[in-house]
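Visitor: Okay, structure incoming, though there's no sequence with it:
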């Protein structure tokens with residue numbers, strides 16, 4: 001299946017470079033280019049690309065607001081933010097706006113191509129260094145616990161195993177790492193992740209991380225609470 005990509009960046013030379021890279025791939029098709037956030041929104045509505053490569057800082061409308069409008073429109077298009085600016089405020093704003101991933105422009109061509117394919121498949125692509133900082137920041141910005149806080153009622157729908165997988169996802173671990181830690185197959189982890197997304201009404205792993213930290217599922221670093229560790233055993237989990 002061909003992945004249709006819209007390029008959104010105010011620098012024409014960068015768009016040209018991205019187009020040259022993407023057009024070498026048989027499964028990627030560049031369907032258009034936008035130089036502003038407003039153009040990106042209009043072209044996304046008109047062309048319905050699978051993925052928008054979105055710069056953050058652009059004239060008329062920035063990439064964060066453009067992402068927010070694309071997501072709010074209910075389109076199936078996924079937004080992969082690609083920027084030079086490795087600043088927490090951009091990372092958090094982009095993910096809260098509904099972006100499916102966040103990569104830096106110094107990413108390797110292989111990482112960029114992989115990121116496009118990952119978000120097109122419905123998963124999230126976040127640079128490893130950004131994932132670690134995202135998790136740290138959420139942990140440090142959680143309010144100090146004042147007793148047992150109410151949690152989102154949707155969590156009651158999760159099985160014990162799904163709660164364990166959610167805990168691992170919130171720590172930024174990939175499916176293979178989760179499988180090794182929980183002593184299950186990677187395919188089983190993928191099934192659990194899909195069920196977690198469906199039950200919580202979330203779209204991808206990035207939103208899972210946000211949800212988990214906002215609900216205090218993973219304690220802030222250094223608060224003295226240890227998450228329950230998975231155990232070997234003969235119990236079956238669903």
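Guide: Cool, the structure landed. Every value quoted in this text rests on a predicted model; they were computed, and no experiment measured them.
Visitor: Which residue ranges make up each domain of this protein?
Guide: Domain segmentation of the chain under the TED database yields 3-122, 153-215.
Visitor: Output these in a markdown table; the columns should cover mean pLDDT.
Guide: A markdown table is the format used below for the domains of the chain (pLDDT from 0 to 100):
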| stretch | mean pLDDT |
| --- | --- |
| domain 3-122 | 90 |
| domain 153-215 | 87 |
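Visitor: Dump the ones you listed into JSON lines; add mean neighbour count as well.
Guide: All C-beta atoms are positioned from the backbone trio N, CA, C, and that covers glycine. Output for those, formatted as JSON lines (neighbours: other Cβ atoms under 10 Å):
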{"stretch": "domain 3-122", "mean neighbour count": "19"}
{"stretch": "domain 153-215", "mean neighbour count": "18"}
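Visitor: Pairing partners for the closest residue to residue 22 other than its chain neighbours in the sheet, please.
Guide: Nearest non-adjacent residue to residue 22, counting by Cβ to Cβ, 6 or more residues apart in numbering: residue 28, 4.6 Å away. Note on residue 28: beta-bridge partners residue 3, judged by DSSP bridges.
Visitor: Likewise for the one 4 residues further on?
Guide: Under DSSP bridges, the beta-bridge partners of residue 32 are residue 6.
Visitor: How much space separates it from residue 56?
Guide: To residue 56, residue 32 is 19 Å away according to Cβ to Cβ, to the nearest Å.
Visitor: do residue 72 as well
Guide: Taking Cβ to Cβ as the measure, residue 72 falls 18 Å from residue 56.
Visitor: before we move on, what about residue 177?
Guide: Noted for residue 177: a distance of 29 Å to residue 56, by Cβ to Cβ.
Visitor: what's the answer for residue 101, then?
Guide: For residue 101, the distance to residue 56 equals 13 Å [Cβ to Cβ].
Visitor: What's the local residue count around residue 2?
Guide: 12 (other Cβ atoms under 10 Å).
Visitor: give the contact list for it.
Guide: By Cβ atoms under 8 Å, 6 or more residues apart in numbering, the residues touching residue 2 are 27-29.
Visitor: ditto for residue 206
Guide: Taking Cβ under 8 Å, 6+ apart as the contact definition, residue 206 lies against 95, 99-101, 124, 126.
Visitor: for residue 202, same thing?
Guide: Contact partners of residue 202, counting by Cβ under 8 Å, 6+ apart, are 196, 208, 211.
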